[in-house]
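>>> What follows is a predicted structure for the sequence shown.
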Amino acid sequence: MKNKLILSLLLTLSCSQAMADWVRISTTESSVFYIDSEMTRKVDSHVMIWLLRDHTSAQFAGSVKVLSSKDLIEVDCKGRRIRRSYSSDHPQHMGEGELVSSEHGPMSWNYATPNTIARQIVNLACAQS
């Protein structure tokens, strides 16, 4: 049942990404991080949020150049944890262009330690839910 709910949520959220309004939340040497302003879908104490990583220099998926990646992130507000449920790589900035590769999860949970981008994501997602 939980897997059906997550799959349904993934499909709903992925369809809405064509209209995403990205808000910058952080910058590192390698990427600029954005979250979708539409932000969250809540399931129990968990929040789903889209994250866009716009790379400052090309990354590679095999031999194909990748300039951005979009991730569907699940945030556990009670446990202050985060995990990626879906990831896609794109040849152009801001998630544009044909899909280069994708990865379906969910991945392992990670605690959002203080002073990290993960903690920023948890704080923003949980404040909106």
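All right, it came through fine. Numbering: from 1, shown residues only.
>>> Can you list phi and psi of residue 121 for me?
phi -60, psi -50 (degrees, to the nearest 10).
>>> ok, now which ones touch it?
Contacts here follow C-beta atoms under 8 Å, 6 or more residues apart in numbering; on that basis residue 121 touches 25, 35, 49, 51, 73, 75, 82, 112. Bear in mind the C-beta positions are built from the backbone N, C-alpha and C, glycine included.
>>> And it, how far from residue 28?
14 Å (C-beta to C-beta, to the nearest Å).
>>> do residue 90 as well
Look at residue 90 and residue 28: by C-beta to C-beta, they are 19 Å apart.
>>> Residue 109: how many residues sit nearby?
By the measure other C-beta atoms under 10 Å, the count of residues near residue 109 is 12.
>>> Quick check: strands, which of the contacts of residue 121 are part of them?
Counting by DSSP state E, the members of the contacts of residue 121 that fall within strands are 25, 35, 49, 51, 73, 75, 82.
>>> Kindly provide the distance from the fourth one to residue 118.
Plainly put, residue 51 is 10 Å away from residue 118 if you go by C-beta to C-beta.
>>> what do you get for the last one?
When C-beta to C-beta is the yardstick, residue 82 and residue 118 sit 5 Å from each other.
>>> Who has more neighbours out of those two?
Under the neighbour definition other C-beta under 10 Å, residue 82 and residue 118 were set side by side, and residue 82 has more, 24 against 20.
>>> Tell me what the more buried one is bridged to.
For residue 82, the beta-bridge assignment (DSSP bridges) gives partners residue 75, residue 110.
>>> the bottom helix or strand of this structure by mean pLDDT?
Ranking every helix and strand in the chain by mean pLDDT, DSSP states H and E puts helix 2-16 at the bottom, with a mean of 43.
>>> follow-up on the earlier one: of the contacts of residue 121, buried ones?
Buried members of those, scored by 16 or more other C-beta atoms under 10 Å, are 25, 35, 49, 51, 73, 75, 82, 112.
>>> Fine by me, thanks again.
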